[in-house]
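> What would the 3D arrangement of this be:
(one chain, ligands or ions: 2)
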Amino acid sequence: MPSARHILSIDQGTTSTRALVFDQAGSLLATAQRELPQHYPADGWVEHDPEDIWRDTLAVMGEAARLADVPIAAIGITNQRETVVIWDRTTGRPIAPAIVWQDRRTAARCEALRQAGHEPLVQERTGLLLDPYFSATKLAWLLDHVPGARARAAAGELAAGTIDSFLTWRLTGGRVHATDATNASRTALFDIDRQRWCPDLLALFEVPAAILPEVRDSSGDFGWTDLLGGRIPIAGVAGDQQAALVGQGCFSAGEVKATYGTGCFALMNTGAQRLHSTKRLLSTVAYRLNGVPTYALEGSIFVAGAAVKWLRDGLGLITHASDTHDMATQVKDNGGVYLVPAFVGLGAPHWRPDARALLTGMTLATSAAHVARAAIEAVGFQTHDLLAAMADDGAGSPATLRVDGGMTANDWLCGFLADLNGVAVERPAMRECTALGAAFLAGLGVGLWPDLDALRAARPGVQLFAPTHGFDAPPLLDGWRHALRQALLA
Ligand SMILES: Nc1ncnc2c1ncn2[C@@H]1O[C@H](COP(=O)(O)OP(=O)(O)O)[C@@H](O)[C@H]1O
Ligand SMILES: O=P(O)(O)OC[C@H](O)CO
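Ligands and ions are numbered 1, 2, ... in the order given. A predicted model of the protein is given here:
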C-alpha cells in the first residue's frame, strides 16, 4: 500500500483538457481545465495543435496538484480516441497538426478500400469498420502528405500514436513510447483477438510497425514523470469512452454506459467474449488487466453536445448550453421538427461519412424552442437506435442505462432517455466518470485499490430517472426514422 493515497487523472478530451485529483474513496478533490482550440482548415478536416494539448496538460496538472495539495500516488491518462500525432523521436516535436477523430479527409481512401473488398478483414481482426473515424488512414495520410515523412519513418526517426502515447512520451521525457490496449483497439491496426499489431493491416494501410507504440495493459507501468516534483508513476491509461465504462463500474457483461460529451458513445461490457456484430456496431477492448482483455460492444454517435454547441456558436439561438433545458420544457412537444445531426457524417449503425445534417418538419409556427428540443431529442433517438442494435446483436437490453458527460447536466435529456428507451437512467452525482475511470486504472496499478470489487465500492452515488411514459414514443420514433431516411438519401 503506497503512503500517498491520491490519484491525478489527465482527461484530454476533444474540446478541453482537464486534470482531476481523486482520493481513495473516489471523491473529487480538485479540478483544473483549459478549453482546446479547434482548427477546421478545410471542408471535413478537424485538427488540434499537439503543442496546445501539451501546454494545457502541463498547466492543468500543475493547477490541480496545487489546489489538491496532497501527495500524488500515481497518474492516470485518458484521452480522446483515434486522434493521431506523429513526432520526431529526437526533438519530440510533432511533424504536423494532430488529425482529430472527427476528421473526414480520408473518406475517399476508406471507400476505395471498401470497394476493393477489404472491410471484412478489418472487421474480423479489429472489430471496427472502414471509416475515416479510425486512426489507420489518418496515419497513412500524414506519412504521405508531410514532405519526407515516409523516408524519415523508414529511417526510424519518427514515432506515432494516439494522444495518450504522445502525452506519455512527453511526460516521461521520451523514455516511454507506449499505449494501452483500448487505445490500440481504435486504430484499425490492432488485432483484438491476438492482442498485437496486425501485419496484414499494417500492410493494407501502409503504416510501418516501427512508428507504432508498444501496447500495454490499461493498468500498469507507463513509466514515471518528475514534472510535478518527485517521481510519480503513470500507472493507468485508457481511451476516454473505455475509461468512463470503468468509472461507471460496468465490470459485468451486459452493463452499459453512455457518455454524452461532444459525441455520444454507448458501450456494453461483453466480458471475455468478443462479439461479432451483424448490426454494424463496433467490438472493442473495454480494458486489459494482467494481460487479459475484456471486450465491449460500442455504438458511436459523432454529434451529441456538439449540436448544442452549434445552436450556441453557429446559430446564436442560445447563450449557454444549459438554456436547452428550459427551451425543451417550454414547448409541449417538438412541433414536428427533427434534427438529424449528421454534421460530420453519421456513425453507428449507418457509417455514412458523406451524410450531412438536416433540420426538417418546420412550419411558420416553429420556434427556437422547437429547434433546441429537436437537438436534444436527436441524442435520445440515436441512443435508442444503438440500444436496439445491441439487442438485435444478441447482447440483450440493459437493466439500467448509466449516463455521464457534460450533456447529462440536462435533466430533461435524462428523463427523455428514460421515457424513450423504457429504461431507468442512472446519473452519478459526480459526473466525471471518464477521469474517475483513469484514476481507478492508475490506482489498481499502484495497489491503491486491490480489485474491481473495491472500485465498485468507490463509485459515486447516483440519481435515478425512472421512465414515466409521459409521451407516446412510437410516433416520435416514426418521425425520427422519416427524417433519418431523408438525410441518408440526400
Ligand atoms: N446543460 C446542458 N444541456 C445540454 N448540453 C450541454 C449542457 N451542458 C453542457 N452541454 C454540452 O456538453 C458538451 C460538453 O461535454 P464534455 O463532456 O465536457 O465534452 P468533451 O469531453 O467531448 O469535450 C458540450 O458540447 C456542451 O454543448
Ligand atoms: O473527447 P470526447 O469525450 O468527445 O470523446 C471522443 C471519443 O473518444 C472519440 O472516439
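> I figured residue 368 was touching residue 312, is that so?
No - counting by Cβ atoms under 8 Å, residue 312 is not a contact partner of residue 368; they are 11.8 Å apart. Yep, even glycine has a C-beta here, placed from its N, CA and C like the rest.
> Could you name every residue contacting both of those two?
The contact sets of residue 368 and residue 312 overlap at residue 318 (Cβ atoms under 8 Å, 6 or more residues apart in numbering).
> so how far is the strand or helix carrying residue 488 off the chain centroid?
Element membership for residue 488, per DSSP states H and E: helix 473-489. Mean-position distance between helix 473-489 and its chain equals 26 Å (Cα atoms, centre = their mean, to the nearest Å).
> what's that helix packed up against?
Counting by 3 or more Cβ pairs under 8 Å, 6 or more residues apart in numbering; DSSP states H and E, the packing neighbours recorded for helix 473-489 are strand 338-340, strand 358-360, helix 368-392, helix 411-421.
> Pick the most buried one from these.
Of all the helices and strands packed on helix 473-489, strand 338-340 carries the top mean neighbour count, a mean of 26, counting by mean count of other Cβ atoms under 10 Å.
> Name every strand pairing with it and say which way it goes.
strand 358-360 (antiparallel) (DSSP bridges).
> which residues of the stretch 251-400 of the chain fall in strands?
For the stretch 251-400 of the chain, the strands defined by DSSP state E, counting those that start in this stretch occupy 256-260, 264-271, 282-289, 292-301, 338-340, 358-360, 400-404.
> what comes up buried for the helix holding residue 488?
473, 476, 477, 479, 480, 483, 484, 487 (16 or more other Cβ atoms under 10 Å).
> so how far is ligand 1 from residue 134?
Distance of residue 134 to ligand 1, computed by Cβ to the nearest ligand atom, to the nearest Å: 18 Å.
> Next, the contact list for that residue, please.
So residue 134 contacts 82, 126, 128, 186, 187, 188 (Cβ under 8 Å, 6+ apart).
> Try it again at 7 Å.
82, 128, 186, 187, 188 (Cβ atoms under 7 Å, 6 or more residues apart in numbering).
> surely the second one meets residue 188?
In this case it means residue 128. Yes - the criterion here is Cβ atoms under 7 Å, and residue 128 meets it with residue 188 at 5.1 Å.
> what touches both of those two?
Contacts common to residue 128 and residue 188, judged by Cβ under 7 Å, 6+ apart, are 122, 134.
> How about stretch 89-98 and ligand 2, touching?
No - using Cβ under 6 Å from any ligand atom, stretch 89-98 never reaches ligand 2; the gap is at least 12.5 Å.
> mind exporting that stretch as PDB, just the C-alpha atoms?
Output in PDB follows, covering the C-alpha atoms of stretch 89-98 (Å, rounded to 0.1, in the frame of the first residue of the first chain):
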ATOM      1  CA  ARG A  89      11.900  10.900 -31.800                       C
ATOM      2  CA  THR A  90      14.900  13.200 -31.200                       C
ATOM      3  CA  THR A  91      13.200  16.600 -30.600                       C
ATOM      4  CA  GLY A  92       9.800  15.300 -29.500                       C
ATOM      5  CA  ARG A  93       8.300  17.800 -32.000                       C
ATOM      6  CA  PRO A  94       5.100  16.900 -33.900                       C
ATOM      7  CA  ILE A  95       5.700  16.800 -37.700                       C
ATOM      8  CA  ALA A  96       2.100  18.100 -38.400                       C
ATOM      9  CA  PRO A  97      -1.100  19.000 -36.500                       C
ATOM     10  CA  ALA A  98      -3.000  16.100 -34.900                       C
END
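> Next, the buried residues of that stretch.
94, 95, 96, 97, 98.
> give the contact list for the third one.
If a contact means Cβ under 7 Å, 6+ apart, then residue 96 has 86, 142, 146 as its contacts.
> how about the residues of the protein near ligand 2?
So the chain meets ligand 2 at 13, 14, 80, 81, 82, 101, 239, 240, 241, 261, 262, 263 (Cβ under 6 Å from any ligand atom).
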